[in-house]
Structure formats: C-alpha cells, structure tokens
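Visitor: I would like to see how this sequence folds:
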Amino acid sequence: MAPKPGLLLVMILATTSLTSSNAALVCGQNDNKPSSSSATPEQKPGPEKSSPPVKTSSAADELQQAIASAGNDRAALVRNLEAYLVKYPDSAQRPQIYRALVEANLQLRDTARAADYAERVVALAPEDMSITLVAIQLLHRSGDEAGLRRAINYAGRVLAFVERTSLDEKSPKMSPEEWQMAKVRDRASVLQLRGELYLKLKDKAAAQKDFESSYAALPTAGAAEKLGEVAEMNKDFIAAIEQYARAFALADSATPGVTRREARQKIGNVWRIAHGSDEGLGDYLLRAYDQVSHADTAGKVKKNSGAREVSEFTLRKAPDGTPYPLAAKKGEVLVVSFWATWCGPCRALEPQFERVAAQFKGNKQISFIEADCDDDESQVAPYVEEVKPHVPVVFADGLDHLLAVNDLPTVVIIDRRGKVVYRAEGFGEETFERDLTAAARRALGTSATSLPSVTSAP
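Guide: Reported below is the predicted structural model:
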C-alpha cells in the first residue's frame, strides 16, 4: 500500500478532484438530454452521424495524472510537476504546486531547489509568514551571498509582522500572557536567525547587534553562544568567556540547540587562551550558573513585586488572565490551595479541596481559590478544560513566594487580618477534609451550627 501523500499534495489532490467531479457532473447532465439521433418514425432521418469528438484532457486532469503517475517516487513527482508548470506557467494551482515541490525537494535533500520554490511561494503570497520562515531557513543553509541578503530582507518582514500583531488577533485558546510570551519568543528567534545570516556574510557588527537584541528579549543559550563566537572572532576573549559561560548555564537537555558539552568545550578553549590553563574555570562556571539562575528566578517573580500584604496582590484568573484583585477579599477569610499541573498529589487533593469549599458555599465571609504555580502556564488551560474545577483558579503570580510555599500541594488559610493561621503541606487523604474544615471554621470564629448545611460538591 502506498503511504499517504503529504499535506501539500493532499491540497493539490483535493483541488483537482473537485474540478474533475464538476466536469463529470456536466457530462452526466449532457447524457440525460434527449439525443438528436433518436428520431421517431414520423421524423425524417437526419444526416449521417459524425464520429464523437475526441475528449481532450483539462489542465486539472493533467495535474492529477502528474501526481498519480509519480506514485511514491519523489524525484518523479518533481519532474512531473516541473513539466506541468512548463506547459501551464500561469496555473491557478501554482502556490500549492510550489509548496509540494518544496516538500518533495526537502525529502530529496535538494535544499537549493527547495529554497527556490519556497521563494516563489513568498513572491506569490508575501503575507504568508510560515513559508517565509521556511525560505529564510533554507537560504541560511544553502544560499549564496545574494540569497543570504534576500533572506535578511525576508527576516525583516517577519519581524515587522511580529511587531504589528495585536492582542486582538490572538487565538481564543491563548491567554494574554501566553500570547505575549509567544510574541517575545518569535521576536527573539527571528533576531537570532537574522544575526546568523549577517554572520555568514561576515558582517560581525550587524550580527552582534541582532544577537544582543535577541538575548535582551529572551535570554537563551543560542544567543549567548553566538555572542561568544563574535567576541572570539574579535579576539575579545574575556567577553567570549562570559558569553560561553551564560550559554553553559542556560543550556537545557530538554531543549534542542546548544548543549552543555559544546558550551563547555568552547569556554575551555578560550579560557586556556586567556589564562594558560583550566585553573579557576570550574569556580567561574559555578558563579555564572548562579548569576543566570538568579536572574531567571527574579524575572519570574516580577508580578506583584511591590506587594507586601496578601490584599495588595492582583492575581490573574486562569486561563484567560482576567485580573483577580485580592483587595476585594480584604476582611474575609481566604483559603488558598497552591498546586501545579505536573503535581500528582495536587490532582488527588483537588476534589477533596472542592468538597470542603462546597461546605461554605453561600458564606460571603470566606473564599476558596486554587493558585497555579506552573512555570509553563500553557499547561493550565488543558488542565482546567479537563478537570472543570468549581473553585476559582488563578495564577499564583508571586503569592507563593510571599507565603513561602516550597512544597506542592500546600494549602493555607489567611484570616480576616491577613495573617496565615493554617498551613498544610503535602496531602494526607484520611484527615485532609476534616482538618481543613475545622481550621476554616476556627478562622471564621463561628460554630458548625451557624454555617450553611453540608452539601456534596456539585
């Protein structure tokens, strides 16, 4: 059985199949019309019938045939589609055909030809940023000087597109914070890619400027490594050591790109040039790691950085990011469950936390919230969609740091004065509901009989 064609080929097949079906429908309608040759006995016989005209292939039929006859042979597909374009240079299917040729040539590892067809798509659809990025990457791999300069021009287009996109254009599945982070990542990636193009053209000044802008937008091992390479080319070995050390500290085995082994080799080479031996390198790397880690942690605690009391925090509802000011809860008892999507005990605790919250439903003197502590907030939306919690879910936004939450799950109760009066770390299934319920009642200062009746979680 032949494997399924790629997405681009499916698009072509879908287009041509539709055209063929319409043609067949027209033929069928013609077949149903009364034939001029079926004369009744009263009619005079007509002139002798001529031979039916030979059916000619349409452009759509020929395109269908070009794809079908190639089968699994990508080289044959390239030949057939190129021959088709010679015969039909103005075909309306050119963008789809060019995309199919990009895909086929990539599978044949003909990067130069794939780049050529990618650029043809860009010429026809300059607003298509995805194929523009493909063209940039292909030219980066195989382009000559002129091609590299075109790629730099394309990168400028992509950057302009990223800059002018607005929050109104975001997917409804993304929170404003997720959208903003994606925009930052896109900008940093394209700046680094353009810097690499400049570096290939030996324009070190322009390359360094883009790498610095990329690192400033989003510190990554890739941008740091490239800054180290530029510094090494300029024989500024002290700066190269600093940048390679940052690359070493930021390298992550879970992220493709720079590895710690590569960064270690580069900094080792430069360190020996500058110092004559490896002595002192280990301590330097540890300090660099600590500095980068501290900066990264500080960056994640920016939200509510000036808040000193719980009531001064404005959290965000998950996953849409709607503001959730805790000032509105001042004077109430606040019960907060700190959790994360990756935390198994947190998932086990969640339904029990909801059952306790349900016991106080309707009591306006107490509120229950679940505060997410994930570093990757994109994981929260699928979790909320799956679990559908009845307690409001918010992002912790630094509240976990104020309350010194070091383990998950952690549940705290904050009394009317804003003081923590109860803390439970971890999850004990047998006593959790009973202990939390009792602590909440103590914080309210009310007896069990004055509370709303106990009900099951909805």
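
Visitor: what strand or helix carries residue 342?
Guide: Remark: residue 342 resides in no helix or strand, with elements defined by DSSP states H and E.

Visitor: what do you get for the one 3 residues further on?
Guide: When secondary structure is defined by DSSP H and E, residue 345 falls within helix 344-359.

Visitor: gap between residue 73 and residue 79?
Guide: 9 Å (Cβ to Cβ, to the nearest Å). C-beta here means a position set from N, CA and C on the backbone, and glycine is covered the same way.

Visitor: what sits closest to the residue most central in space within the chain if chain neighbours are left out?
Guide: By Cα atoms, centre = their mean, the mean C-alpha position of the chain lies nearest to residue 182, the distance being 6.4 Å. Leaving aside its sequence neighbours, residue 182 sits nearest to residue 174 (Cβ to Cβ, 6 or more residues apart in numbering; 7.2 Å).

Visitor: pretty sure the one you found contacts residue 183?
Guide: No - with contact defined as Cβ atoms under 8 Å, residue 174 does not reach residue 183; the gap is 10.4 Å.

Visitor: tally up the residues packed near the nearest residue to residue 399 once chain neighbours are set aside, please.
Guide: Distances taken as Cβ to Cβ, 6+ apart place residue 313 nearest to residue 399, at 5.4 Å, with adjacent residues excluded. By the criterion of other Cβ atoms under 10 Å, residue 313 has 21 neighbours.

Visitor: check contacts around residue 313.
Guide: Neighbouring residues of residue 313 by Cβ atoms under 8 Å, 6 or more residues apart in numbering: 304, 307, 325-326, 397-399, 402.

Visitor: and residue 369, what element?
Guide: Counting by DSSP H and E, residue 369 is found in strand 366-372.

Visitor: so what strands line up beside that strand?
Guide: strand 333-339 (parallel), strand 393-395 (parallel) (DSSP bridges).

Visitor: including distance to residue 379, could those go into a markdown table?
Guide: Formatted as a markdown table, these follow (distance: least, Cβ to Cβ, whole Å):
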| stretch | distance to residue 379 |
| --- | --- |
| strand 333-339 | 12 |
| strand 393-395 | 12 |
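
Visitor: relative to residue 410, which of those strands is closest?
Guide: strand 333-339 (4.6 Å; Cβ to Cβ).

Visitor: the residue nearest to residue 182 in helix, strand or coil?
Guide: coil (DSSP: H, G, I helix; E, B strand; the rest coil).

Visitor: count the residues that sit near it.
Guide: 18.

Visitor: export stretch 264-282 as PDB, just CAs?
Guide: Output in PDB follows, covering the C-alpha atoms of stretch 264-282 (Å, rounded to 0.1, in the frame of the first residue of the first chain):
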ATOM      1  CA  ARG A 264      32.000  23.600  28.000                       C
ATOM      2  CA  GLN A 265      34.400  22.900  25.100                       C
ATOM      3  CA  LYS A 266      34.100  26.400  23.700                       C
ATOM      4  CA  ILE A 267      34.700  28.100  27.000                       C
ATOM      5  CA  GLY A 268      37.500  25.700  27.800                       C
ATOM      6  CA  ASN A 269      39.300  26.600  24.600                       C
ATOM      7  CA  VAL A 270      39.000  30.400  25.200                       C
ATOM      8  CA  TRP A 271      39.800  30.100  28.900                       C
ATOM      9  CA  ARG A 272      43.100  28.400  28.100                       C
ATOM     10  CA  ILE A 273      44.000  31.100  25.600                       C
ATOM     11  CA  ALA A 274      43.300  33.800  28.100                       C
ATOM     12  CA  HIS A 275      44.700  32.100  31.300                       C
ATOM     13  CA  GLY A 276      47.100  29.500  30.100                       C
ATOM     14  CA  SER A 277      45.400  26.600  31.800                       C
ATOM     15  CA  ASP A 278      42.000  25.400  33.100                       C
ATOM     16  CA  GLU A 279      42.700  26.600  36.700                       C
ATOM     17  CA  GLY A 280      39.800  28.600  38.100                       C
ATOM     18  CA  LEU A 281      37.400  27.700  35.300                       C
ATOM     19  CA  GLY A 282      35.200  25.500  37.500                       C
END
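
Visitor: would you mark the buried spots in it?
Guide: 264, 266-267, 270-271, 281 (16 or more other Cβ atoms under 10 Å).

Visitor: now, which of these sits nearest residue 123?
Guide: The nearest one, if we look at those relative to residue 123 and count by Cβ to Cβ, is residue 266, at 39.3 Å.

Visitor: helix or strand: which one has the nearest residue to that closest one once chain neighbours are set aside?
Guide: Counting by Cβ to Cβ, 6+ apart, residue 244 is the residue found nearest to residue 266 once chain neighbours are left out, at 4.8 Å. Element membership for residue 244 (DSSP H and E) is helix 237-250.

Visitor: show me what counts as buried in that helix.
Guide: Applying 16+ other Cβ under 10 Å to helix 237-250 flags 237, 239-250 as buried.

Visitor: great, nothing more from me.
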